[in-house]
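Peer 1: sequence and predicted structure below; questions after.
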Amino acid sequence: MLLPVPVEIVWETKTHIKEEKVASIAQKLATLGTGMTLDELCELVRFVERLRSSNECASLYLRKEETKAPRTIEVDSESKRIFIHLKTHNIPEVGRGHHKRVTHSILYDPDSPKLVATAVVKESEATRSEIDLYEKFKRCKGILKPLYVSKHPKTSGKMLREIITPLYNKGSLSTFVRNNQKAIPIAAKYKIAKDIFVGSCELNSMGYVNRDNNKGNFFIHEENNTYTTVIGDLGGYTHKLKEALEQKPLGPSLRSSAPDLQRAYYENRLTEQDLLSQHVYSLGRSLYFLLHEDEVPWITAFDDNYPLLAKLYKDKTNPAIAQELDRYTEEVHAHTKPRIQELSVKIQQQTIEPQERFEYYVLHMLSADPELRKTNAYWLKVFETFCTLQQE
Ligand SMILES: Nc1ncnc2c1ncn2[C@@H]1O[C@H](COP(=O)(O)OP(=O)(O)O)[C@@H](O)[C@H]1O
Ligand SMILES: [Mg+2]
């Protein structure tokens with residue numbers, strides 16, 4: 001709920017803390033790269049410290065236009081956290097998707113302030129269900145967790161939702177690859193893959209699947225050469241079999257993942273559970289991108305053939321569709337099988353390099369045969385084993 005801005009907080013910027021202390025906190029904030037001058041940061045610190053020392057205990061959204069503070073400030077009454085929204089004032093956005101606009105904020109702490117990511121999205125049924133999912137998955141490993149979720153009207157009156165999450169400093173898998181061409185260590189790729197399967201297995205264990213496994217939805221953090229990855233953007237999660245099966249397109253990465261799964265399910269070769277756990281094709285596609293820093297070349301043609309998918313779930317007994325699927329299966333196998341064969345020889349001869357072994361796994365995930373693709377749990381074990389071997 002929005003409360004009126006408490007008057008004593010608004011205009012008064014005098015504070016009980018010493019100017020040296022103000023300057024030292026401002027210095028710490030400056031090292032984060034906030035796009036603010038040192039003078040602005042000092043002013044901000046005085047304002048925030050005054051806010052902290054007031055007895056105000058409600059959640060607040062203090063627009064800078066009303067308070068005249070250098071930036072808009074938000075307080076979560078429950079956790080007592082204070083967020084300073086940097087928006088896009090002299091600092092680039094964190095990212096942007098089809099629904100959300102994500103910018104930087106500071107999670108204020110006089111000793112160790114941090115940058116965090118604030119996603120702003122229009123209030124809607126879909127947004128509400130995404131927010132419910134954050135709550136549901138808040139104890140799951142490998143899945144993005146919010147620090148604070150709030151709601152407030154725009155100046156135009158439209159209602160907005162805000163989801164504040166830890167900032168993953170390498171951005172999405174897509175941004176990470178774009179910014180680090182040819183410089184990503186293979187060990188990092190294995191760890192990223194492992195973390196993605198940790199998240200996918202958690203989803204499966206709760207009867208959910210991510211319909212939007214595209215490379216913009218995995219967020220990567222690196223500190224002292226240790227990589228951590230989570231599945232973000234919970235907007236694509238579903239526990240509805242029909243939705244999982246129909247795979248209504250949420251992004252291009254999904255389009256080519258569904259038809260063979262659907263077919264196997266309709267032909268009773270797959271159970272519902274299989275359907276969720278074998279949802280690895282689109283992960284394979286994102287991991288192919290991580291490995292080769294490029295899209296799977298043979299997929300574009302099939303994506304262009306997307307209307308096939310629409311036909312499939314409307315008319316699954318149509319023999320023309322089965323024929324088209326067979327053609328697709330052959331095409332995929334023509335691309336993957338010879339290379340898989342070549343790489344299996346290297347495995348037998350124990351001459352395979354880690355990079356090639358990664359490729360061998362990814363080609364399986366991209367197979368048009370759901371059985372060959374294996375399950376999330378299978379791949380989690382594979383990548384876990386490799387990551388453990390590397391640490392020894
Ligand atoms: N916590 C975060 N850390 C780093 N980057 C993020 C974070 N949250 C979002 N992003 C960036 O913002 C983009 C859009 O966010 P996302 O949640 O995928 O929105 P949408 O639902 O609109 O697709 C992502 O692709 C990513 O680049
Ligand atoms: Mg997204």
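Peer 2: Arrived safely. Ligands and ions are numbered 1, 2, ... in the order given.
Peer 1: what's the spacing between the helix or strand hosting residue 381 and its chain's center?
Peer 2: Element membership for residue 381 (DSSP states H and E) is helix 376-391. Here the centre of helix 376-391 is set off from its chain's centre by 21 Å, with Cα atoms, centre = their mean, to the nearest Å.
Peer 1: pull out the buried positions in that helix.
Peer 2: Under the neighbour-count criterion of 16 or more other Cβ atoms under 10 Å, helix 376-391 has 376, 378, 379, 380, 382, 383, 386 buried. Where you see a C-beta, it was placed from the backbone N, CA and C, and this is true even at glycine.
Peer 1: same question for stretch 98-117.
Peer 2: Within stretch 98-117, judged by 16+ other Cβ under 10 Å, the buried ones are 100-108, 110, 113, 115-117.
Peer 1: of all these, which comes closest to residue 172?
Peer 2: residue 102 (9.9 Å; Cβ to Cβ).
Peer 1: quick one: contacts for the nearest residue to that closest one once chain neighbours are set aside?
Peer 2: If the residues on either side of it in the chain are set aside, residue 102 comes closest to residue 94, at 4.1 Å by Cβ to Cβ, 6 or more residues apart in numbering. Shown in contact with residue 94 (Cβ atoms under 8 Å, 6 or more residues apart in numbering): 102, 103, 104, 117, 167, 171.
Peer 1: 10 Å - rerun?
Peer 2: Neighbouring residues of residue 94 by Cβ atoms under 10 Å, 6 or more residues apart in numbering: 88, 100-105, 115-119, 165, 167-168, 171-172, 175, 219.
Peer 1: what does residue 359 give?
Peer 2: 287, 288, 291, 292, 339, 340, 343, 352, 353.
Peer 1: and the helix or strand hosting the first one, what does it pack onto?
Peer 2: Taking DSSP H and E as the criterion, the element that holds residue 287 is helix 281-292. Applying 3 or more Cβ pairs under 10 Å, 6 or more residues apart in numbering; DSSP states H and E, one finds that helix 281-292 makes contact with helix 173-179, helix 186-205, strand 218-223, helix 252-255, helix 299-304, helix 354-365, helix 370-373, helix 376-391.
Peer 1: and of the ones you listed, who's closest to residue 61?
Peer 2: Nearest of the helices and strands packed on helix 281-292 to residue 61, taken as Cβ to Cβ: strand 218-223 at 25.3 Å.
Peer 1: go ahead and confirm residue 196 touches residue 228.
Peer 2: No. Counting by Cβ atoms under 10 Å, residue 196 sits too far from residue 228 to count as a contact (11.1 Å).
Peer 1: check the gap between residue 76 and residue 29 for me.
Peer 2: Residue 76 sits 19 Å away from residue 29, going by Cβ to Cβ, to the nearest Å.
Peer 1: more crowded one of these two?
Peer 2: Using other Cβ atoms under 10 Å as the criterion, residue 76 and residue 29 rank with residue 29 on top: 23 against 16.
Peer 1: element containing the residue lying closest to residue 195 once chain neighbours are set aside, please.
Peer 2: Nearest non-adjacent residue to residue 195, counting by Cβ to Cβ, 6+ apart: residue 229, 3.8 Å away. For residue 229, the enclosing helix or strand under DSSP H and E is strand 226-231.
Peer 1: how about the residues of the stretch 151-300 of the chain that lie near ligand 1?
Peer 2: 165, 167, 168, 171, 172, 175, 216, 217, 219, 232, 233, 235 (Cβ under 6 Å from any ligand atom).
Peer 1: list the contacts of residue 380.
Peer 2: Per Cβ under 10 Å, 6+ apart, neighbours of residue 380: 142, 193, 194, 195, 196, 197, 198, 199, 200, 201, 202, 204.
Peer 1: need the pLDDT of it.
Peer 2: Looking at residue 380, its pLDDT reads 97.
Peer 1: under the pLDDT cut-off, which ranges of the stretch 201-350 of the chain? List them.
Peer 2: Applying pLDDT under 70 to the stretch 201-350 of the chain flags residues 246-260, 262, 300-314, 316.
Peer 1: got the residues of it near ligand 2?
Peer 2: Applying Cβ under 5 Å from the ion, we find that the stretch 201-350 of the chain lies next to ligand 2 at 216, 217, 233.
Peer 1: before we move on, back to that, looks like the residue nearest to residue 195 contacts residue 190 (just checking).
Peer 2: No. In this structure, residue 229 is not within contact of residue 190 by Cβ under 10 Å, at 11.1 Å.
Peer 1: okay, and the common contacts of these two?
Peer 2: residue 290.
Peer 1: how many other residues sit next to residue 192?
Peer 2: Neighbours of residue 192 (other Cβ under 10 Å): 23.
Peer 1: and it, what does it touch?
Peer 2: Counted by Cβ under 10 Å, 6+ apart, residue 192 has contacts 170, 173, 176, 184, 218, 220, 222, 227-229, 286-287, 290, 383.
Peer 1: try 6 Å
Peer 2: By Cβ atoms under 6 Å, 6 or more residues apart in numbering, the residues touching residue 192 are 227, 229.
Peer 1: so what pLDDT did it get?
Peer 2: 98.
Peer 1: measure it to residue 209 for me?
Peer 2: For residue 192, the distance to residue 209 - Cβ to Cβ - is 20 Å.
Peer 1: equivalent analysis for residue 271, please.
Peer 2: Taken as Cβ to Cβ, the span from residue 271 to residue 209 is 14 Å.
Peer 1: higher neighbour count, these two?
Peer 2: residue 209 (25 against 11).
Peer 1: doesn't residue 245 make contact with that one?
Peer 2: No. The pair residue 209 / residue 245 is not scored as a contact, 9.9 Å apart, by Cβ atoms under 6 Å.
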